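Undergrad: got a sequence here, can you model it:
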Amino acid sequence: MTVLDLAGLKCPLPALKTRKVLATLPPGARLEVRCTDPMSVIDIPNLVRETGDTVEVQRQDQAIVFLIEKAAGPAR
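TA: All right, here's what the predicted structure looks like:
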């Protein structure tokens, strides 16, 4: 699993950096993204919906953690 720590970054940087890393991952790969920006709970799930991947959102202390799995097929 690839871990991307984006704590402290403000919108739109978490979504942009997540998109960049997702583009490099092979199908089936998992990405853990850690954010502190409250807007990321809107931005990252929207990004994942666009790419056709799946996401699970968790809260851990002050962080928001997104567990993303890269889709096996081409993006929708």
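Undergrad: what strand or helix carries Asn16?
TA: One correction, residue 16 is Leu, not Asn. Element membership of Leu16 [criterion: DSSP states H and E] is helix 13-24.
Undergrad: so what does the helix or strand just after that helix touch, helix or strand wise?
TA: Downstream of helix 13-24, the first helix or strand assigned by DSSP H and E is strand 30-35. With contacts taken as 3 or more CB pairs under 8 Å, 6 or more residues apart in numbering; DSSP states H and E, strand 30-35 sits against strand 2-5, helix 13-24, strand 63-69. For the C-beta atoms, the positions are set from N, CA and C on the backbone; glycine is no exception.
Undergrad: let me know which of the ones you listed is tucked in deepest.
TA: strand 63-69 (a mean of 19; mean count of other CB atoms under 10 Å).
Undergrad: other SSEs contacting it?
TA: Strand 63-69 packs on helix 13-24, strand 30-35, helix 40-51, strand 54-60, going by 3+ CB pairs under 8 Å, 6+ apart.
Undergrad: mean confidence (pLDDT) on the first one, please.
TA: Mean per-residue pLDDT for helix 13-24: 97.
Undergrad: could you check the angle it makes with strand 63-69?
TA: Orientation check (axes from the mean of the first three to the mean of the last three CA atoms, to 10 degrees): helix 13-24 against strand 63-69 gives 20 degrees.
Undergrad: can you list contacts of helix 13-24?
TA: 2, 4, 6, 9, 31, 33, 35, 37, 40, 43-44, 46-47, 51, 53, 66, 68, 70 (CB atoms under 8 Å, 6 or more residues apart in numbering).
Undergrad: for that helix, C-alpha coordinates in CSV please.
TA: The C-alpha trace of helix 13-24 is given here as CSV (Å, rounded to 0.1, in the frame of the first residue of the first chain):
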residue,chain,number,x,y,z
LEU,A,13,-3.7,20.5,-3.2
PRO,A,14,-4.8,17.3,-1.5
ALA,A,15,-7.0,16.3,-4.5
LEU,A,16,-4.4,17.4,-7.1
LYS,A,17,-1.6,15.4,-5.4
THR,A,18,-3.9,12.4,-4.9
ARG,A,19,-4.9,12.5,-8.6
LYS,A,20,-1.2,12.6,-9.6
VAL,A,21,-0.3,9.5,-7.5
LEU,A,22,-3.4,7.6,-8.6
ALA,A,23,-2.4,8.0,-12.2
THR,A,24,0.9,6.2,-11.5
